[in-house]
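Visitor: Sequence plus the predicted model coming up.
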Amino acid sequence: MRKWIGKKQNKVFVGVIGILSITLFFFLFHEQGRINQTKQVIEETNQSGLEEAEKPKTTQSSKADVVTGAEEPESSTRVALADGERPTLETLQDAQASFSEVADDVLGSIEIPSIQLNMPILEGISYERMLYGAVTVLENQTMGQGNYVLAAHNAGVDGLMFSSLGNVAVGETITLQDRSGHAYTYKVKEQRHVNMTDTSVLDITRKPTLTLITCDQATKTTGRIVVIAELV
């Protein structure tokens, strides 16, 4: 009797493990499918932005609410430093469909060879604009001058947006290019891990500086990764 019960329990245990394994397989398969879809949408939107960045600018961009480095950052600027979450596949798909609405706000592109990143730069900071690429954080920023601050999402997928920013090492180069074809190369001097309340990275700098900001993880977080580079 005990042997029969033992065999019965073993069969039940094996059955439960089998069901859990199948469920886990389908869950992971579904999640991988969404990751692949997300990657494809981001890459296609990114390509649209890069193509726009190659075109000479013919119209004035619509300026978003931003602040200067000399002022106390307001709510719009805190988007780069305050709580943020990874954009969903649905919001990315909506952004891809409406890219033409922000095309005039593309300022150029940023390339970081060490992480194989090349993405468009847009003027003005907001959660929505960051769906299209890196965005300027301070008002009247000029490439190659002052503290040029850019923020972008951590999409949770290496190589997309600023997801791999934490892998950029001191000494590596970053190149910005405007829509007139002028290129500005910076060398990384420092990487920081800061709290979202630390706005010192937005301060005015004596040397032409590039400051890149992203969340330290793809989910809601108070940590930020900051890469600081100087013009060479």
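Guide: That came in fine, so what should we check first?

Visitor: Mind picking out the helix or strand in this protein with the poorest mean pLDDT?
Guide: Using mean pLDDT, DSSP states H and E, helix 2-53 stands out as the lowest-scoring helix or strand of the chain, at a mean of 62.

Visitor: Now the element after it, going C-ward?
Guide: helix 89-97 (DSSP states H and E).

Visitor: Within the sheet, what are the partner strands of the strand ranked longest in the chain, with directions?
Guide: Looking across the chain with DSSP state E, the single longest strand is strand 183-195. Paired with strand 183-195 in the same sheet, following DSSP bridges, are strand 173-178 (antiparallel), strand 223-231 (antiparallel).

Visitor: could those go into CSV alongside mean pLDDT, mean neighbour count and distance to Tyr127?
Guide: Yep, even glycine has a C-beta here, placed from its N, CA and C like the rest. As requested, those are exported to CSV (pLDDT from 0 to 100; neighbours: other Cβ atoms under 10 Å; distance: least, Cβ to Cβ, whole Å):
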stretch, mean pLDDT, mean neighbour count, distance to Tyr127
strand 173-178, 98, 19, 23
strand 223-231, 97, 20, 15
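
Visitor: Among those, which comes closest to Glu90?
Guide: strand 223-231 (25.3 Å; Cβ to Cβ).

Visitor: Identify the residues contacting the closest one?
Guide: Strand 223-231 is touched from outside by 80-81, 144, 162, 165-166, 168, 173-174, 184-196, 198, 201, 207-217, with contacts defined as Cβ atoms under 8 Å, 6 or more residues apart in numbering.

Visitor: 7 Å - rerun?
Guide: Contacting residues not belonging to strand 223-231 are listed as 81, 144, 165-166, 168, 174, 184, 186-196, 201, 207-216 [Cβ atoms under 7 Å, 6 or more residues apart in numbering].

Visitor: Pairing partners for whichever strand or helix holds Thr214, with directions?
Guide: Using DSSP H and E, Thr214 falls within strand 209-215. If you go by DSSP bridges, strand 209-215 pairs up with strand 147-151 (parallel), strand 223-231 (antiparallel).

Visitor: want to try JSON lines for these, with distance to Arg129 as columns?
Guide: Shown next, in JSON lines, are those (distance: least, Cβ to Cβ, whole Å):
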{"stretch": "strand 147-151", "distance to Arg129": "10"}
{"stretch": "strand 223-231", "distance to Arg129": "18"}
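
Visitor: Of the ones you listed, which is nearest Met130?
Guide: strand 147-151 (6.7 Å).

Visitor: just for the chain, where's the confidence low?
Guide: Filtered on pLDDT under 70, the chain yields the residue ranges 1-35, 58-86.

Visitor: Pick out the residue nearest the middle of it.
Guide: Centroid-nearest residue in the chain: His153, 2.6 Å away (criterion: Cα atoms, centre = their mean).
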